[in-house]
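Student: Need coordinates for the below:
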Amino acid sequence: MAGNRATTRPTTTKRAEGDRGAGRPTTGRPTGKPTGRSTTGRPATGKPATGKPATGKPATGKPATGKPTTGKPATTRTKPSQGERLQKVLARAGVSSRREAETMIAAGRVRVDGRVVSEPGTRIDPESARIEVDGSPVAASEHVYVVMNKPDEMVCTPEPERDANGRPTVSSLLTALNTRVFAVGRLDFHTRGALILTNDGALAEALLHQKRAVPRTYHVKLQGRLDEDALASLHAGVVLDDGARTRPALEVELVKATRTNTWVQMTISQELPRQLRRMGESIGHSVLKMIRVAFAGITADGLREGQWRRLREDEIAGLRAAAGQRPAKGLLALAQA
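Tutor: Modelled structure (predicted):
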C-alpha cells in the first residue's frame, strides 16, 4: 500500500523456470526478459519525487515479453511431435527423392495451404494439408518402377522436356506413364545404359544410402593400355582428387584391349560424383565412354536406346531386398519362390 514505510519491501513473485529468457520458448509464454518496471513495484526511497526527469515513456513500461506482440506471423509448422516432415510426404507422393525435395523446399517452390514453406523439416498433416509444387497440386500416386536404356546426350533431371540449360531430359521419353518419376542413381549426360526410375522416394533413398552396398556394373572404355598394376589399383580402391578414397570394387575384369584403349567391366558399390571418370584420372587413364550394364542386378537387355519397360514384381522385390526393405505383401511369395 502507498502508506507503507520506506523500510518495508513489497512482496515479489518468483518467476518460474519456464519463463526465463534463456529457457525454452513455449506458446503463450514470454520469451525474453521483462524490460519495463512498474512505478509502484519499488517502495519509496526517501528521495524527492523530482529526482529524475520524466523520460517520456509510459508508466507501464514495455510488455512482459520485451518484444512487440505483433512479431513474426504464424508459420505452417506444427509441434515437433505432430505430423510428418514435408520432404517425406513429397517423396512418398512421387514428387522426387527426399533429398531433392529438401532442395525444392529451400528454393521456395513448395506451398502448404497456400503459403510458401522454405524450411526443410517442416511438419504437416498429410491427411488435411493442401500441397503444391511449382503451382501444381500434389496428390498421392501409385508407385511406379521402370528401367530405361538411357541414350547418350540426355540428362536425368525430372523436368518434363528440357533442363535449365536446354538439354533434353529422360522424362521426355516417359510421357506415357502419366506420372512423375525420377532417376535412382543418375547417369551423366554422356553415359548410356540401364537407368532405374520410380516415384517411390523411400525406396530410392534407401538404395542410394552410403551404408547400402548396392552393385552397379559398368562397361568402361579407358584411354591407353592398362597393365596389371592399373587394374589392381582400380580393384583395391583409389584416392580421388578431393582426397576421398573409393571402396574396393566388387569386380574389375578386362574385356578388350587395343594399342590405344582398354575396355573393362567394373562393378562398384557406391556412387560418388563422376566416380568412374575420376578413378580413371587417378591412375592416368581418361575415361572415354561408359555404359551402365546393370543396377542391383536389373539390366536394360532387349531395349533399344530410349526404350523403357515396367519392372517385374520379382525385380521390384529384388530392389527392396537390396535396400533392406521388406517386400510388399503381393511380392513376398515371388521373392521366396
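
Student: so what's residue 82 up against?
Tutor: For residue 82, the contacting residues are 123, 125, by Cβ atoms under 8 Å, 6 or more residues apart in numbering. All C-beta atoms are positioned from the backbone trio N, CA, C, and that covers glycine.

Student: Could you check how far it is from residue 118?
Tutor: 20 Å (Cβ to Cβ, to the nearest Å).

Student: Can you give me the domain assignment for the protein?
Tutor: Per automatic domain parsing, the domain ranges recorded for the chain read 84-137, 142-212+298-337, 215-295.

Student: want to try JSON lines for the ones you listed, with mean neighbour count and mean pLDDT as columns?
Tutor: As requested, the domains of the chain are exported to JSON lines (neighbours: other Cβ atoms under 10 Å; pLDDT from 0 to 100):
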{"stretch": "domain 84-137", "mean neighbour count": "17", "mean pLDDT": "87"}
{"stretch": "domain 142-212+298-337", "mean neighbour count": "17", "mean pLDDT": "88"}
{"stretch": "domain 215-295", "mean neighbour count": "16", "mean pLDDT": "96"}
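
Student: I figured residue 208 hits residue 269, correct?
Tutor: No. With contact defined as Cβ atoms under 8 Å, residue 208 does not reach residue 269; the gap is 11.7 Å.

Student: got any residues that touch both of the two?
Tutor: residue 214.

Student: What segments of the protein are helices?
Tutor: Here the chain has its helices, by DSSP state H, at 86-92, 98-106, 201-208, 228-236, 275-282, 313-322, 329-336.

Student: Residue 286 touches residue 226, doesn't it?
Tutor: No. Applying Cβ under 8 Å, one finds residue 286 not in contact with residue 226, separated by 11.8 Å.

Student: check contacts around the residue nearest the centre of the chain.
Tutor: What sits nearest the mean C-alpha location of the chain, by Cα atoms, centre = their mean, is residue 99, with 1.5 Å. Contact analysis of residue 99 by Cβ under 8 Å, 6+ apart lists 87, 205.

Student: give me that answer again for 7 Å
Tutor: Neighbour list for residue 99: empty [criterion: Cβ atoms under 7 Å, 6 or more residues apart in numbering].

Student: With residue 120 instead?
Tutor: Residue 120 neighbours (Cβ under 7 Å, 6+ apart): 87, 102, 105-106.

Student: Now it. Its backbone dihedrals?
Tutor: Here is the backbone geometry of residue 120 (degrees, to the nearest 10): phi -60, psi 140.

Student: For it, which non-adjacent residue is spatially closest?
Tutor: Take residue 120 and drop its neighbours on the chain: the residue closest to it by Cβ to Cβ, 6 or more residues apart in numbering is residue 102, 4.1 Å away.

Student: you'd agree that neighbour is up against residue 88?
Tutor: No. Residue 102 lies out of contact with residue 88 (Cβ atoms under 7 Å); the separation is 10.1 Å.

Student: Excluding chain neighbours, what is closest to residue 215?
Tutor: Counting by Cβ to Cβ, 6+ apart, the nearest residue to residue 215 once its immediate chain neighbours are dropped is residue 267, at 5.2 Å.

Student: wait, that neighbour sits on residue 252?
Tutor: No. Using Cβ under 7 Å, residue 267 is not in contact with residue 252, being 8.1 Å away.

Student: Name the residues that touch stretch 298-305?
Tutor: Contacts of stretch 298-305 (Cβ under 7 Å, 6+ apart): 147-149, 151, 192-194, 196, 293, 309, 311, 315.

Student: ok, 8 Å please
Tutor: Residues from elsewhere that reach stretch 298-305 (Cβ under 8 Å, 6+ apart): 147-152, 192-196, 293, 309, 311, 315, 318-319.

Student: Please apply the same query to stretch 254-270.
Tutor: 210, 213-226, 231, 234, 246-247, 249-253, 275-276, 285, 288, 293.
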